[in-house]
Structures are given as C-alpha cells and as structure tokens.
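Student: Quick one, what's the 3D model for this:
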Amino acid sequence: MINVQWSEQEPSFAEWLNQGMDITFREITTGFEADILLLQKKDEPKYVLKVWKQLFNSQAHQQYKFLFNAQIAGLPVPTPVGWGKIDTGTEVLATDFSGYPVDKPSKRQIEQFARVLYQIHHTPTHHLGLDSDTGGEIIDIIINQYFPDIEQHQDIMIILESLRGTYPDRERRLIHGDFNLGNILLKDHEITIIDWTNVQVGDIRYDVAWSAVLLLISLGENEYNWFKSAYLSQQPFEDIELNVFESIAALRWLLLNRIVSFPNGEEKSKELQCFLEKRLPINFKLR
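Tutor: Next up is the predicted model:
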C-alpha cells in the first residue's frame, strides 16, 4: 500500500479509499518518467495513480488543474480525483480508470484517433491555464523540448539546423506533445487521452508527424497512411512542410533510441534512415 499525503481529493475518491482494506494496487507500466498503478477492489479497476520518479520534474498539481479545465473545454481526458505526495516527496496524480490502450487498432479506430487529435488541435486554449505562445523559431522550441543531450549528437544536430526556414509559419495551437497508442485509452467504445505532461501551445504539424512516425514504427505503413489520411482530410498540409516535420520526428526517435535502446532499435533505425532519405531536401550522413 502506498502512503499518500493528499493535498486535494474529490469527496467520492476519498470515500472510496476509506471504505475498506481490500484495495489492491497493480502496476500497469513503468515509464521513463513515472510509474502507473491501477487501484482496484475485487479485481474491479476504479482509479489510476501516476507516480513520478524522483529524478524528474513532477507536475501533479499542474496536471490536476489542467485536467479539470480540459474537461470543461470538452477534451477527452480522464477525470482528476486527487493529487499529493508520498513519503519520499514524489508527487502523485490520481484519476478515474478510463480503460486500456489498444495494441492492434483497426483502421476505423486509427481514423477515430486522428479525428481526436484534430479535435485537440482545434480546442481554444484561453481557459486551459496554459502559458501563452512566446514566439520564437519553432525548430528551436522543438530541439529544446524534445532532443535531450543533442549537443552530443552533432550528426543529428546538423540535419536539424539544415531544416531551419524550410517550412512556412503557421498559427500555433493546442498540442498534446506525445499522442501515441500508449496514451490512447478505450473503455466501452469511449476514447480517453492520457499523459498531458507535454501539453502546450505549439506547432500542430509536429504533433501530427510524431504520432504518424510512431505508428509507422510500431505497426507499419498501412496504419501510418490511415492515420495521416484521416487527419489530413480535415486539416490539409503541403507535402513539403509535412515532410520536414516527419523528418524532425524521425530524427527524434533515432536520438532517443541511441539513449535508451528501444526493442528492435537497430532494425527500426535502418528503416527510418530510408524514410528520411525520401523526405530530406539534402544529402545527409548519420553515424
């Protein structure tokens, strides 16, 4: 049992916790930044705890407030029910149980996911409590946020720098920041999007590109094309600009693979280099 000192709790959640001693915890995933635990009684899932790891900047309070605002705005987010800290000082966020990810989604489901991302991108941000767009070159923002230790990987940095100014400016909107199959839950045919740690006002082209590239890597070309076609039918982009942001997304995955060594990382890296060759306007060489 985890001993949590709750800073805020919804009454229904507090009552449920106090109803008895038959609550069990089951670890769902151990992530890079946090562990996800399922709270259940008699094997019936009820709530989820996100427990940040000590090395990372936890955002339980900010996420708690954002999820409340996001629900009011009509976004498909889990209901926040509490946040607090465990004995080590690590922060914890509690939400209702909203289902499980779909390992092998159908074409129809992937098209639904694309429409949800479109909905996110077209949700007004003024009541969400987010920092306003401060301007700045979008590629600098992406590098600073999504390319850790990039100074140690100059082959990737050179390619990123070559892409500067090769795309038109577009209005910045709400983005999720990590829209992938692990963050898309399904319960009773209802979709819920989780892990809003990277939510911000940003460039929706990168958000789409990252999602599409991850589908290509994890499932294949068909799923990648289904997702892109469904999204672009609502929000068209020029091929040349989407090629740039897909290249940035692929470079990010290659960098992360160097750092953490994904399963089948070597094979997927070769596939992504071919993917890049078809999209980059320059000759390049990766180590």
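Student: quick one: the helices in the stretch 51-200 of the chain?
Tutor: In the stretch 51-200 of the chain, the helices defined using DSSP state H, counting those that start in this stretch lie at 60-72, 107-121, 138-146, 154-162.
Student: so which of these gets nearest Asp188?
Tutor: helix 107-121 (13.9 Å; Cβ to Cβ). Every residue, glycine included, has its C-beta placed from N, CA and C.
Student: among the helices of the stretch 51-200 of the chain, which is nearest Val4?
Tutor: Of all these, the one in closest proximity to Val4, counting by Cβ to Cβ, is helix 60-72 (10.4 Å).
Student: helices or strands next to that closest one in the packing?
Tutor: Judged by 3 or more Cβ pairs under 8 Å, 6 or more residues apart in numbering; DSSP states H and E, helix 60-72 is in contact with strand 44-52, strand 80-86, strand 91-96.
Student: any residues touching the shortest one, and which ones?
Tutor: Taking contacts as Cβ atoms under 8 Å, 6 or more residues apart in numbering, the residues outside strand 91-96 that touch it are 2, 4, 9, 13, 39, 46-52, 58-61, 63-64, 67, 78-86, 194.
Student: Among these, name the buried ones.
Tutor: 4, 9, 13, 39, 47-52, 58-60, 63-64, 67, 78-85, 194 (16 or more other Cβ atoms under 10 Å).
Student: would TSV of the helices of the stretch 51-200 of the chain with distance to Leu255 and mean pLDDT be doable?
Tutor: Output for the helices of the stretch 51-200 of the chain, formatted as TSV (distance: least, Cβ to Cβ, whole Å; pLDDT from 0 to 100):
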stretch	distance to Leu255	mean pLDDT
helix 60-72	26	95
helix 107-121	23	98
helix 138-146	9	95
helix 154-162	6	95
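Student: Which of the ones you listed sits closest to Ser233?
Tutor: Here helix 107-121 is closest among these (Cβ to Cβ), at 8.6 Å.
Student: who touches the residue most central in space within the chain in this structure?
Tutor: By Cα atoms, centre = their mean, the mean C-alpha position of the chain lies nearest to Asp178, the distance being 2.0 Å. By Cβ under 8 Å, 6+ apart, the residues touching Asp178 are Asp195, Thr197, Asn198, Trp210.
Student: Could you measure from it over to Tyr206?
Tutor: Distance, Asp178 to Tyr206, using Cβ to Cβ, to the nearest Å: 11 Å.
Student: quick one: which of the contacts of Asp178 is nearest Pro124?
Tutor: Asn198 (19.0 Å).
Student: Pull the number of nearby residues for the nearest residue to the closest one once chain neighbours are set aside.
Tutor: In this structure, Asn198 finds its nearest non-sequential neighbour in Gly177, 2.5 Å apart by Cβ to Cβ, 6 or more residues apart in numbering. Counted with other Cβ atoms under 10 Å, the neighbours of Gly177 add up to 18.
Student: I figured Gly177 hits Thr197, correct?
Tutor: Yes - using Cβ atoms under 8 Å, Gly177 is in contact with Thr197, at 7.1 Å.
Student: Okay, buried residues for stretch 137-153 please.
Tutor: Across stretch 137-153, burial judged by 16+ other Cβ under 10 Å covers Ile138, Ile139, Ile141, Ile142, Ile143, Tyr146, Phe147, Ile150, His153.
Student: meant to ask about stretch 64-73
Tutor: The neighbour-count check on stretch 64-73 (16+ other Cβ under 10 Å) flags Tyr64, Lys65, Phe66, Leu67, Ala70, Ala73 as buried.
Student: Now do that stretch: everything it contacts.
Tutor: Contacts for stretch 64-73 (Cβ under 8 Å, 6+ apart): 8, 77-80, 82-83, 93, 95, 123-124, 127-130, 196, 199.
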